Every structure is written in structure tokens, then in C-alpha cells.
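J.: when you get a sec, could you give me coordinates for this:
(chains A and B)
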Number of protein chains: 2
Amino acid sequence: MKYLTGIARKDTMEISELLTEGREGKRVKVNGAVHAIRDMGNIAFIILRKREGLLQGVYEEGISGFSLKDVKEADTIEIEGMLEKNEKAPNGIEIRMETVRILSEPEDEMMPLAISKWKLGTSLDAKLNYRPIALRNIRERAKFKLQEGITRAFRDFLYEQGFTEIHTPKIGAKSAEGGANLFRLEYFHRPAILQQSPQLYKQMMVGVYDRVFETAPVFRAEKHNTRRHLNEYTSLDFEMGYIDGFEDIMAMETGLLQYMMKLFEEQYAKELDILKITLPDVSRIPAIRFDEAKQKVAEKYDRRIKNPFDLEPEEEELIGQYAKEEWDSDFVFVTHYPSKKRPFYALDDPEDPRYTLSFDLLYKGMEITTGGQRIHSYPALAAKIKARGMEEEGLTHYLDAFKHGMPPHGGIGIGLERLTMKLVGEDNVRETTLFPRDLSRLEP
Amino acid sequence: MKYLTGIARKDTMEISELLTEGREGKRVKVNGAVHAIRDMGNIAFIILRKREGLLQGVYEEGISGFSLKDVKEADTIEIEGMLEKNEKAPNGIEIRMETVRILSEPEDEMMPLAISKWKLGTSLDAKLNYRPIALRNIRERAKFKLQEGITRAFRDFLYEQGFTEIHTPKIGAKSAEGGANLFRLEYFHRPAILQQSPQLYKQMMVGVYDRVFETAPVFRAEKHNTRRHLNEYTSLDFEMGYIDGFEDIMAMETGLLQYMMKLFEEQYAKELDILKITLPDVSRIPAIRFDEAKQKVAEKYDRRIKNPFDLEPEEEELIGQYAKEEWDSDFVFVTHYPSKKRPFYALDDPEDPRYTLSFDLLYKGMEITTGGQRIHSYPALAAKIKARGMEEEGLTHYLDAFKHGMPPHGGIGIGLERLTMKLVGEDNVRETTLFPRDLSRLEP
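T.: This is a model prediction of the structure:
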């Protein structure tokens, strides 16, 4: 029997430790993957890839206590040597290598992609086919580090605002938003589906905790093969009770985005720099009515309104352009979507029930959030379900929560990969999805 | 057009705000759900359920500016009145109500469960059938607030330790641990499965970020109907590179548990108190070899070892009992599980390849974690796959990562609901699963 007492302190250092005061001129030990070797003759640079960035090791023939031939790209190694300043090296430091210990070796030295290039100049398909390798590229992996920041900001901000995190089931008997676009499976000889949203669950949980959130995968069997659709994605969902109106929800999302940008500045400066990202100004976000937005865009860009109750993708883009040109904002809330285009639980505007008290948030002309106030009165909900020709069966438990009292409430769902895509300036959502699932892709 | 500028400041207060210095004797406004009404004749107590706990409102006939009949249980309301001290009331405060505003009303006042009782004295089945209602009980919801603390501690600790959060796909073409126990679905006319673990993905990502974690649902089509099995659960997974041995992983998990208990003390004291939980001592966790543990238990509890390469559930329980009696620990690592019982990626012990460099962590005699060091050398991995009679097909992308170099690494998976179950002292994992999925339950 032995005791474990906590994290084992190691004598190997991370880059941030090397950069602390007083380390220069001292002997240090580090490990990492050999990202690249630049052989200059008597001297060679062994570039290590570590989780905090790149680190330059200097090999000097006859001085370093090993042969350069002992090390190859894609090895993982541990080195010891003197830490010195070098303004030309990553982070301004380098290690004059004395010893090397090989921790692991690749079977195949020929990488399928040139990951050590600054920009991985290859097709999206090649990147996705070799995803675990492609992501070793410093710029590629920085995108997903920023994606972490989005989820982290979402959770930390909501904890601060009194929300409770929940985990709702992804396998279910019935879905939130009707029967279309559902993946179906057999669940111990019973038909089941994969949830396309945690909507009904988070609403039920508002009756318990007032404010709840979830960050989890959702599944949509949509046959779209576009730059912005995925069949599985990560949805950042919150739902809050005791609201005075749907403006409270937009205000909360604005607060969230402000928190997020601050977190990026404080914790993800390295990644912002690697990807040359200028953060958007979210100190104020304009909100414009759906019908008004359509009108403005039609006037300004000389477009004919084909259907007043629908928004075409080009219109969405133009609203984004309009918000940028007129209000200098990358973000714009479009409010009061037509009732027909919204699910049964959306609350109709009492002043004009053809529209709902709901909204989308567009980021550079693309929808990244759908949100709104929900119906909280049981009779109103039952009437809407009936009017839509839907069955109450399968919604029993959901309706139970409303029968026994629910506060006025509403919430949002954010598509994590889409928000990342717009933030890092990509034009295909697969670029910002770790392992995308689309019509043709089930692997890796 | 209007601008949103951030969170809207409200004049309604939460309990923690009411409890700040200097509020007593002042007029305040609060909202909440009517949890219970206790009518004493000329005076009545209206107990509000708010996200931070219960709050007592005092109704005085002829003084309060409304009639008690205007308010009923399960209404959500907003009240105004004077805040006063009352040691007998929850949190030592109460509000002498002057006005009330009804925000929403239940359709059915008769609750299916007596949620305002301190202990919800009902069967597990009834609780699960009325889950969204049952969770309005203060003790029931406290369990899931603590569950939040587990996930939160997991993430915050790992961020601190340089881990990166990842999101891996749940729909796939092939699974980590073979073909058994998989839910199958049709994915655009192709066969697909639901992942039973993010194992292969997190390993591939070690090659990118060195240290990664994920908190997400996993799916297991196991036909067990026991107190500890679920068909969908939340798995807390981490995987770390550059380890010196599998002890590093146990050390990291010990550090995590220490961080978790500290977070509970600091942020979840209310819930610990509601559920009368004494936190386990995790300052040191014993680790004992699988074969040695079997031997010790056989000796101490007079049991015959039937199969030296398997652990029966009763043996697991007895190892837990042994750890408590001999080392006064609720937790115990059982190390060196037999190779036969571990998946192909487990690293065999070079000193005796019948065993692996892996472990389970038992908490009060139940496995809550499986972990270990993995094979990182491509030839060793390919040989193991061959020896097991498995196909390399379907593992191509996984093997690619190893062909092109992977550091020594390992990790763990924690079952969130099981850990919660043991922490709060329940004996059925469904008690600590928000909406459980088992052989018979697909709803709510």
C-alpha cells in the first residue's frame, strides 16, 4: 500500500515558468514534441512544441552531449541545458542543449501535412482527414483554444449571475421542436430520438432553479450541406425566470459577450495574437425589429421583399452589413420574428400575434443565437399546441411543470462552432469544429 | 433601433442581497414561487422559493394591502414590504408584506408530490415520474447543485493545471472499446454508433495540447438494471501527456478531489448543510494492487478467491470496507488491473504483462473512476490490436496520431452521477441523475 497525497511536483518546466524572473543563466529541464529541426551545419535549432507554445533548443556540435542524428521530428523528448535570452527565438528565450532523453519516437517521420509551417496551406478536406495531425499546427490549435474561452466565459459569467449548471439527456422519446430533422435510434426495442435541443428540459428546470444553463452536444439530421450547418454541434444554452420581458434576455447575452471579450484579453492574448484577431466592440449591441430590418435593407441595398415573414440568408448578411455601416457594430439583435417561423413555445407579441417576443443575434451577418421569451401560462401553451395541430402526448411531463406553476421566462441557444468561426474569421464552420459531422463525414 | 448595453439592474433582490449589512428595517422588493402558505388565522406565512433558498413573507390581515385569498401555492409572485429580523425564519429574516403582484398562476393547485415537506417522502419511481416537480423540493434540488460543484471543480482545477477543454463528437463510425453495448443509429443511410467514451479522441488530442479534458454525455447500451448503471451518463474525462508513470495520473486525481472538497466548503456550504454531508478526507488516498487487495479482503473477511483475474461487486465493496477500517479512507485506488479486463489501449506492466498500469478509484466501495497509462508506441499498439483479433480498419485516424508521434500519456474517466451518489449518500444512481435513462425509462 502507498499513499497518494496530491499533484506530484516535477522538475521539468513549462514555458511560463521559464519566463519567470531569475531563470536565465540557469540549467533547466523541459519536455516537448520535436516540432521542427533547422540544421545550420555546426549549429541546429530544435523547436519544441509545448502546450504553451514553441520553445527553441540550440544544438551545438561537439558541445551538446549528444548527436543531432539522435533526434528527429515528431519525437517527444526531454532536454536539459542552460536557459538564455535570444530575442529572435519564440518568447525571447532558448535552451543551449546539453543532454537529451527520447521519450517516444514516431513510426513514420514523414508527416502527411507540413504542420511546422506557420500557415497550414492545405485544403479543408485534407485538414479534416488528418485532423489529429493538422491540429498540431500552432495556428490550427489556437482556434480551438479560443473556443475553450467561449465556453469558459459562458459558464463563469452565468455562475456569477446565479445560474445553475444542468445535464439533460440526449436520448429521448420525443423532441422539443417537432418530428423533422431527428436522428432516430432503437432503444431496447423502443423507438427513440437524439435531442436537437435541451429546450424543454431547461424550461422545466427554470421551475426548480430559476436560472439554468447547459453546454452540451445537440443533434440535427438536416440534409443541408452548407458552410454553416453541422449535424452535431455544441449548444450553449441558458434559460432564466422572473424576467420582465425578452429584453432581459438580450441584456444578459450582451453582458455575457462583454465578459467573454474581457476573458479573451486577460487569458487568451497569446491566441489572439497568433491569429491576429481584433476583438469586436460589444459595449452596445443594436436591436432592430425583424420587419423593420427587412425594410431598411430593402431600401438601402435596393432589394425587393419577396416574403415579409421569412428571412433569406442574403438578407441576414445584408442586415449584418447594415449594422456595420450604420451603427459600426459586428453584432445585431433582430427581434420580433414571425410566429410561423418560431416553435410552439415561443411567446407571441400581445400587440401583434403574427410576431413573437423572440430574437436572433447576428454576428457579421450570420445567426449565432436564437432566443426569446417563452409561453409560461399552461392554458396559453395548451392552446398553442392545439392550434398547431400537435399532440400533447409525449409532452406530458413538460406540460406538468406548467400546470403546477412556472414564472415568466426565456432563454437562448448559442452555436459554439459558429461563434468561433465568426470570431476567428473563418468562412466554413468545419474549420472551427474539432471533428465535424456532416452529410459525408463520420470520421475521424 | 435600440441599444443593449449589458445586464439590466433590477430592483428585486436575491436572498444574499437581503442579507447584506444595513438592509433591515428597509422596504424591499423580491420575487419567487409560493412554496407553502401557513395560515395561522390573523397572520399567515407565505414561504417563497428562490434560487438561493426559502424566504418568509408575513401576511397580516388588515395590515398587508391585499387579501390572503389572492395568493395560492405554486403562484409566482413579486412582493414588497419591510425586511425584518426573525431568528425562527429561514436565514433569520422575513418580509412583512405590503403589496403583492401575481406573476403567474398554476393551472392545478394540487401538487402531485408534497414538495414543501423537508424530506420528500416518496418512492424513487414517483420522484422520477414527476421529476420537474419533485426537484422543486429543497433537498432534492440541493443534490444537483452539489453535482454542479463536482463538474465545476473538475474544470477549474484542470484549467489551472494547464489542460485544454475539448468537444468531441458523440456520433461516430466506430467505438473506442469494441462493438458490444453500443447504441446504433442510421446516419444518412450509413450505420453509425453513439460513443461510449471520448477515449480515442482525447488520446489523439494529447498530441495537440499535451493535456485535455471533456465533460460530456456518453452512451452505453448495457442491459444491466442495477442501482449503479445508467444507459446515458455524464463522463468527466481527462488525458495528460509527458507522464513518468501512471502514478502521475492518480496524483492528479487526488489533487482534483482535494480542490473539489475545498470548492464545496467555500461555495456549497448551504447545500452541504441542507443534506447534512460531512466531506470525506482526501488529504491522502491509499493505493493497493488488485491482486494484493483481493488477498487482503479474502483473509480479513474469510472469503475464497474464485477468480484471481476478476473482481466481483462484493469484493469491490469489501475493499472499500477494508480501506475504511485499515486506513480510515473513503477512497482507495486499486491498481494493476488484469490485462484481460482492460481495453486494448491499456499499457501492460512490463514487469508482468498479465497486469496493466491502470487503476480504478473506489469511493465507499464503488468504482467511480477508471484510469491508467495508455500504450503510446505505434508498434506496441498495432501488436496489441492484432493480438486481440481486432481490425485496424475504423482505427485508422487514431493510429495515424500514434504513427506520427505521441508522448507517454494516460488519463481517467469519472462517472459524474456515481460520484454525486456516493457524496450525498444515496444508494441508487437514479437519485442523482437529473433525468435518468435506463432499460425502462426514456421520459421525462
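J.: show me where the stretch 251-400 of chain A has its strands.
T.: A:285-289, A:331-335, A:348-349, A:352-356, A:358-363, A:366-373 (DSSP state E, counting those that start in this stretch).
J.: quick one, phi psi at residue A:390?
T.: The phi/psi pair for residue A:390 (degrees, to the nearest 10) reads phi -90, psi 160.
J.: how much space is there between it and residue A:384?
T.: Per Cβ to Cβ, to the nearest Å, residue A:390 is found 9 Å from residue A:384. Bear in mind the C-beta positions are built from the backbone N, C-alpha and C, glycine included.
J.: need the overlap of contacts for those two.
T.: residue A:344 (Cβ atoms under 8 Å, 6 or more residues apart in numbering or on different chains).
J.: quick one: average confidence on stretch A:278-289?
T.: Averaging pLDDT along stretch A:278-289 gives 98.
J.: same deal with stretch A:61-72?
T.: Rounded mean pLDDT across stretch A:61-72 is 95.
J.: equivalent analysis for stretch A:412-431, please.
T.: Stretch A:412-431 comes out at a mean pLDDT of 98.
J.: so which bits of the stretch 301-444 of chain A are right by chain B?
T.: A:327, A:333, A:376-379, A:394, A:396-398, A:400-408, A:416, A:434-437, A:439, A:442-444 (Cβ under 8 Å from any Cβ of the partner chain).
J.: where does residue A:350 land on pLDDT?
T.: With respect to pLDDT, residue A:350 scores 96.
J.: tally of neighbours for it?
T.: 7 (other Cβ atoms under 10 Å in any protein chain shown).
J.: residues touching it, list them.
T.: By Cβ under 8 Å, 6+ apart, the contact list for residue A:350 is empty.
J.: against chain B, how distant is it?
T.: According to Cβ to the nearest Cβ, to the nearest Å, residue A:350 and chain B sit 15 Å apart.
J.: next up, the contacts around residue A:59.
T.: Counted by Cβ under 8 Å, 6+ apart, residue A:59 has contacts A:43-46, A:68, A:71, A:97.
J.: let's see it at 7 Å
T.: Residues near residue A:59 by Cβ atoms under 7 Å, 6 or more residues apart in numbering or on different chains: A:43-44, A:46, A:68, A:97.
J.: what would those look like in a markdown table with secondary structure?
T.: Listed next are the contacts of residue A:59 as a markdown table, based on DSSP: H, G, I helix; E, B strand; the rest coil:
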| residue | secondary structure |
| --- | --- |
| A:43 | strand |
| A:44 | strand |
| A:46 | strand |
| A:68 | helix |
| A:97 | strand |
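J.: quickly list what residue A:331 is bridged to.
T.: Residue A:331 forms beta bridges with residue A:363, as assigned by DSSP bridges.
J.: near it, how many other residues are there?
T.: 26.
J.: what about residue A:20, neighbour count?
T.: Counted by other Cβ under 10 Å, the residues lying close to residue A:20 total 8.
J.: returning to that earlier point: just the contacts of residue A:59 now: which is nearest residue A:200?
T.: residue A:46 (55.2 Å; Cβ to Cβ).
J.: quick check: the gap between that closest one and residue B:146.
T.: For residue A:46, the distance to residue B:146 - Cβ to Cβ - is 48 Å.
J.: which of those two has more neighbours?
T.: A direct count of neighbours by other Cβ under 10 Å for residue A:46 and residue B:146 places residue A:46 higher, at 28 against 21.
J.: before we move on, the earlier item: need the strands of the stretch 251-400 of chain A in TSV with distance to residue B:280, can you?
T.: Formatted as TSV, the strands of the stretch 251-400 of chain A follow (distance: least, Cβ to Cβ, whole Å):
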stretch	distance to residue B:280
strand A:285-289	46
strand A:331-335	46
strand A:348-349	52
strand A:352-356	50
strand A:358-363	44
strand A:366-373	41
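J.: hmm, which of the residues of the stretch 301-444 of chain A next to chain B are the buried ones?
T.: Buried subset of those (neighbour count, 16 or more other Cβ atoms under 10 Å in any protein chain shown): A:327, A:333, A:376-378, A:397-398, A:400-408, A:416, A:434-437, A:442-444.
J.: check contacts around residue A:7.
T.: By Cβ under 7 Å, 6+ apart, the contact set of residue A:7 is B:251-252, B:255.
J.: on that earlier part again, scan the contacts of residue A:59 and report the most crowded one.
T.: That'd be residue A:46 among the contacts of residue A:59, by other Cβ under 10 Å, with 28 neighbours.
J.: out of the residues of the stretch 301-444 of chain A next to chain B, which are inside helices?
T.: A:327, A:378-379, A:396-398, A:400-403, A:416 (DSSP state H).
J.: out of those residues, which is nearest to residue A:110?
T.: Closest approach to residue A:110 among these (Cβ to Cβ): residue A:416, at 34.4 Å.
J.: residues in the stretch 1-150 of chain A within reach of chain B, list them.
T.: The stretch 1-150 of chain A has residues A:1-8, A:14, A:31, A:33, A:50-51, A:74-76, A:103-108, A:111, A:130, A:132-133, A:135-136, A:141, A:145, A:148 near chain B, with proximity defined as Cβ under 7 Å from any Cβ of the partner chain.
J.: okay, helices next: where are they in chain A?
T.: With DSSP H, the ranges of helices along chain A come out as A:15-18, A:124-129, A:131-134, A:138-160, A:199-209, A:247-267, A:269-274, A:290-300, A:313-327, A:378-387, A:396-403, A:416-424.
J.: out of those, which is the most enclosed?
T.: Mean neighbours per residue, mean count of other Cβ atoms under 10 Å in any protein chain shown, is largest over those for helix A:199-209, with a mean of 26.
J.: ok, residue A:431 touching residue A:420?
T.: No. Using Cβ atoms under 7 Å, residue A:431 makes no contact with residue A:420, being 8.7 Å away.
J.: circling back: farthest-apart pair in the ones in helices among the residues of the stretch 301-444 of chain A next to chain B, please.
T.: Going by Cβ to Cβ, the pair spanning those furthest: A:327 and A:396, at 45.6 Å.
J.: how close does residue A:247 sit to chain B?
T.: From residue A:247 over to chain B the distance is 7 Å, taken as Cβ to the nearest Cβ.
J.: contacting residues around the most far-flung residue of chain A relative to its centre?
T.: Residue farthest from the centre of chain A, counting by Cα atoms, centre = their mean, is residue A:62 at 48.7 Å. The contact partners of residue A:62, by Cβ under 7 Å, 6+ apart, come to none.
J.: recalculate using a threshold of 8 Å.
T.: residue A:42.
J.: same deal with residue A:108?
T.: Residue A:108 touches B:403-404, counting by Cβ under 8 Å, 6+ apart.
J.: report the residue spans of the stretch 251-400 of chain A with pLDDT below the cut-off.
T.: Regions of the stretch 251-400 of chain A meeting the criterion pLDDT under 70 are absent.
J.: so who does the residue in it that chain B sits nearest to touch?
T.: Using Cβ to the nearest Cβ, the single residue of the stretch 251-400 of chain A nearest to chain B is residue A:397, 3.2 Å away. Counting by Cβ under 8 Å, 6+ apart, residue A:397 makes contact with A:204, B:130-132, B:443-444.
J.: mind checking how far it is from residue A:328?
T.: 47 Å.
J.: tell me how many other residues crowd the nearest residue to residue A:414 once chain neighbours are set aside.
T.: Of all residues not flanking residue A:414 in the chain, residue A:236 sits nearest, at 4.1 Å (Cβ to Cβ, 6 or more residues apart in numbering or on different chains). For residue A:236, the count of nearby residues is 23 (other Cβ under 10 Å).
J.: what's the per-residue pLDDT of residue A:236 here?
T.: pLDDT, residue A:236: 98.
J.: now residue A:176
T.: The score at residue A:176 is 50. That number is its pLDDT.
J.: just the one 3 residues further on next, same as before
T.: Among the per-residue scores, residue A:179 shows a pLDDT of 68.
J.: can you tell me the closest non-neighbouring residue to residue A:250?
T.: residue B:4 is the one closest to residue A:250 (Cβ to Cβ, 6+ apart), at 5.0 Å.
J.: same check, this time on residue A:361
T.: residue A:369 (3.9 Å).
J.: ok, the one you found touching residue A:416?
T.: No. Counting by Cβ atoms under 8 Å, residue A:369 stays clear of residue A:416, with 10.9 Å between them.
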